[in-house]
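>>> Mind looking at a prediction? Sequence and model below.
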Amino acid sequence: MILVADCGSTKIDWCLLNNGKVEKQVFTLGMNAVMLTEEEMRTRLADELAPEMAGYPIEEVYFYGAGCISPEVCGNVARAIQANIPDTKIVEVHTDLLAAARALCGRTPGIACIMGTGSNSCYYDGEKICDNVSPLGYILGDEGSGAVLGKLLIGDVLKNQLPKDLCEKFLQQYELDRMTIIRRVYKEPQGNRFLASITPFLIQNIDRPEIHALVLNSFKAFFVRNIQQYKNYSELSVNFIGSIAYYYREVLEEAAAQCGCTVGSIIKSPMEGLIKFHTAI
């Protein structure tokens, strides 16, 4: 049996595969491997995962997660998994970006992107990630992401760059004022999540030209500052995973066309593609 994990900060989606079919699916508390010690991860998996997998002959584990960006961190995760599934023969730990590439492109070369709370991209040769433009996070980069779209929206509201009715509608809908926003962004943890949480306002009002332009320009910045840095980008499909790409597909395709790019697959989450990747003969 094969166990595949898609790990985010909120939850981990574990799929146990038996001869290409889903035998069992389990959700456990999410974790960022950079923020936790090996012992903390081991304890958490012992409490939440091990009881669910007891009795299953798991031979291979493929774990994909944000924060799995160095051999040290990946080693910590692998040992924590091995401690709780001791009979497994293979434990591989990879980044969420490789999960996106494998889920979107399979074993075919292409450009794979994540566009959710944050954004990222890579050139994938069908086996491995060969090039990656650093996303730099929502302060310096992450163009097109939920956090950046939220940041742009709030900036335009507080600096009166949108029509008065839109500004008032936004503040009333989310029960926000200037000081509350400043506190949520600068003083409370995970300001990026707060910023991303207000993006539904954009899709609800996407027919307003000012909102459409805000989203379109952010997506165009993503293509210019990231995708156009890859060799032969115009000859490859640009594929996306994540809620922002999924819900804003029409505007994303409009931005791509204006930047000489072709959008391929867009999926909300990677697990379906990962199942296909790991069960394909």
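Structure's in. What do you need?
>>> can you give me the helices for the stretch 101-250 of the chain?
For the stretch 101-250 of the chain, applying DSSP state H, counting those that start in this stretch gives helices covering 137-140, 146-158, 164-173, 178-182, 191-197, 200-204, 209-225, 243-247, 249-258.
>>> Dump these into CSV; add mean pLDDT and distance to E92 as well.
Where you see a C-beta, it was placed from the backbone N, CA and C, and this is true even at glycine. As requested, these are exported to CSV (pLDDT from 0 to 100; distance: least, C-beta to C-beta, whole Å):
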stretch, mean pLDDT, distance to E92
helix 137-140, 82, 26
helix 146-158, 95, 29
helix 164-173, 95, 44
helix 178-182, 93, 42
helix 191-197, 89, 28
helix 200-204, 96, 36
helix 209-225, 97, 29
helix 243-247, 93, 26
helix 249-258, 96, 31
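>>> which parts of the helix or strand of the chain with the lowest mean pLDDT are buried?
Lowest on mean pLDDT, DSSP states H and E among the helices and strands of the chain sits helix 137-140, with a mean of 82. Judged by neighbour count (16 or more other C-beta atoms under 10 Å), helix 137-140 contains these buried residues: Y138.
>>> follow-up on the earlier one: could you export the helices of the stretch 101-250 of the chain as a markdown table, including distance to A103?
Output for those, formatted as a markdown table (distance: least, C-beta to C-beta, whole Å):
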| stretch | distance to A103 |
| --- | --- |
| helix 137-140 | 23 |
| helix 146-158 | 19 |
| helix 164-173 | 34 |
| helix 178-182 | 35 |
| helix 191-197 | 21 |
| helix 200-204 | 23 |
| helix 209-225 | 19 |
| helix 243-247 | 13 |
| helix 249-258 | 17 |
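>>> and A100, which of these is closest to it?
Closest approach to A100 among those is made by helix 243-247 (10.5 Å; C-beta to C-beta).
>>> Please export the C-alpha coordinates of that closest one as PDB.
Coordinates of each C-alpha in helix 243-247 appear next as PDB, following Å, rounded to 0.1, in the frame of the first residue of the first chain:
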ATOM      1  CA  SER A 243      -8.300  28.500  -4.700                       C
ATOM      2  CA  ILE A 244      -7.400  31.900  -6.200                       C
ATOM      3  CA  ALA A 245      -6.600  30.400  -9.600                       C
ATOM      4  CA  TYR A 246      -9.700  28.200  -9.400                       C
ATOM      5  CA  TYR A 247     -12.200  30.900  -8.600                       C
END
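>>> Who are the packing partners of it?
Packing partners of helix 243-247 (3 or more C-beta pairs under 8 Å, 6 or more residues apart in numbering; DSSP states H and E): strand 110-115, helix 146-158, strand 262-267.
>>> Burial-wise, tell me which of those comes out on top.
For those, the largest average neighbour count (mean count of other C-beta atoms under 10 Å) is found in strand 110-115, namely a mean of 26.
>>> For the least confident helix or strand of the chain, give me every contacting residue.
Taking contacts as C-beta atoms under 8 Å, 6 or more residues apart in numbering, the residues outside helix 137-140 that touch it are 118, 145, 147-148, 151, 192, 195.
>>> now the residues you listed as CSV including distance to V251?
Formatted as CSV, the contacts of helix 137-140 follow (distance: C-beta to C-beta, whole Å):
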residue, distance to V251
G118, 18
S145, 14
A147, 17
V148, 14
K151, 17
N192, 21
L195, 18
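>>> in the stretch 1-150 of the chain, which ranges drop under the pLDDT threshold?
9 (pLDDT under 70).
>>> So which residues of it form strands?
2-7, 11-18, 21-29, 60-65, 90-95, 110-115, 119-124, 129-131 (DSSP state E, counting those that start in this stretch).
>>> With distance to D165 added, can I get those strands in a markdown table?
Output for those, formatted as a markdown table (distance: least, C-beta to C-beta, whole Å):
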| stretch | distance to D165 |
| --- | --- |
| strand 2-7 | 41 |
| strand 11-18 | 38 |
| strand 21-29 | 41 |
| strand 60-65 | 43 |
| strand 90-95 | 43 |
| strand 110-115 | 29 |
| strand 119-124 | 30 |
| strand 129-131 | 45 |
